[in-house]
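Engineer: just a sequence and a predicted model for now, questions to come.
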Amino acid sequence: MIAGPILFFSVVTGCRYLHGQVLDSGDYKYDTVAVTYSDGIKPDGTVTYPVFYGAHIYTVARSTGYDVYCEVHLGGDFYNHTCGHLGRVKSTREARPLWGSIKWTATELIVGDPSGRGIRVPRSEIQGHR
């Protein structure tokens, strides 16, 4: 009688572990590396909505370290633009110097140092939801 719930719990826990370690694309957020917000800006430079875009750099725990991802929340937490996988590190302390700096310009989002392992994402790509 008790074996049924224990077996069910084991199967669910095992599937969740495998999904998180092998198949996951950033769904199980572990730690935030950096967050910053920006106004919505039209190509001509005028502000559309204040504090509308939120860049979120976060880690996902893996068995061999942490994967680091970037996403931009658009107007809240319900609609996101995924900037993708930034890299893998052994600890969250390694991620902050690499991707902890976020800068918004009138034309792009800059995460970390683009000449190193950082990225540049054009605002036109992020603001393509319009």
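Structural biologist: Yep, that arrived.
Engineer: neighbours around residue 57, how many?
Structural biologist: Residue 57 is flanked by 25 other residues according to other CB atoms under 10 Å. Glycine gets a C-beta too; all of them are placed from N, C-alpha and C.
Engineer: residue 110 sits in which helix or strand?
Structural biologist: Following DSSP states H and E, one finds residue 110 within strand 108-111.
Engineer: contacts for that strand?
Structural biologist: With contact meaning CB atoms under 8 Å, 6 or more residues apart in numbering, strand 108-111 is reached by 38, 53, 55, 57, 70, 72, 83, 86, 99, 101-104, 118-123, 126.
Engineer: among these, name the ones in helices.
Structural biologist: Those of those mapping onto helices are 99, 123, 126, per DSSP state H.
Engineer: all strands of the chain, in order?
Structural biologist: 31-38, 53-62, 65-74, 80-89, 102-104, 108-111, 119-122 (DSSP state E).
Engineer: in TSV, list those strands along with mean pLDDT.
Structural biologist: Formatted as TSV, the strands of the chain follow (pLDDT from 0 to 100):
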stretch	mean pLDDT
strand 31-38	93
strand 53-62	92
strand 65-74	93
strand 80-89	93
strand 102-104	96
strand 108-111	95
strand 119-122	95
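Engineer: now do the contacts for the residue nearest in space to the middle of the chain.
Structural biologist: By CA atoms, centre = their mean, the mean C-alpha position of the chain lies nearest to residue 70, the distance being 3.1 Å. Applying CB under 8 Å, 6+ apart, we find residue 70 in contact with 55, 56, 57, 82, 83, 84, 86, 99, 111, 119, 121.
Engineer: and the ones in helices among the contacts of strand 108-111, which is closest to residue 78?
Structural biologist: Taking CB to CB as the measure, residue 78 lies nearest residue 126 of the ones in helices among the contacts of strand 108-111, at 15.7 Å.
Engineer: tell me how many other residues crowd the closest one.
Structural biologist: Around residue 126 there are 19 residues (other CB under 10 Å).
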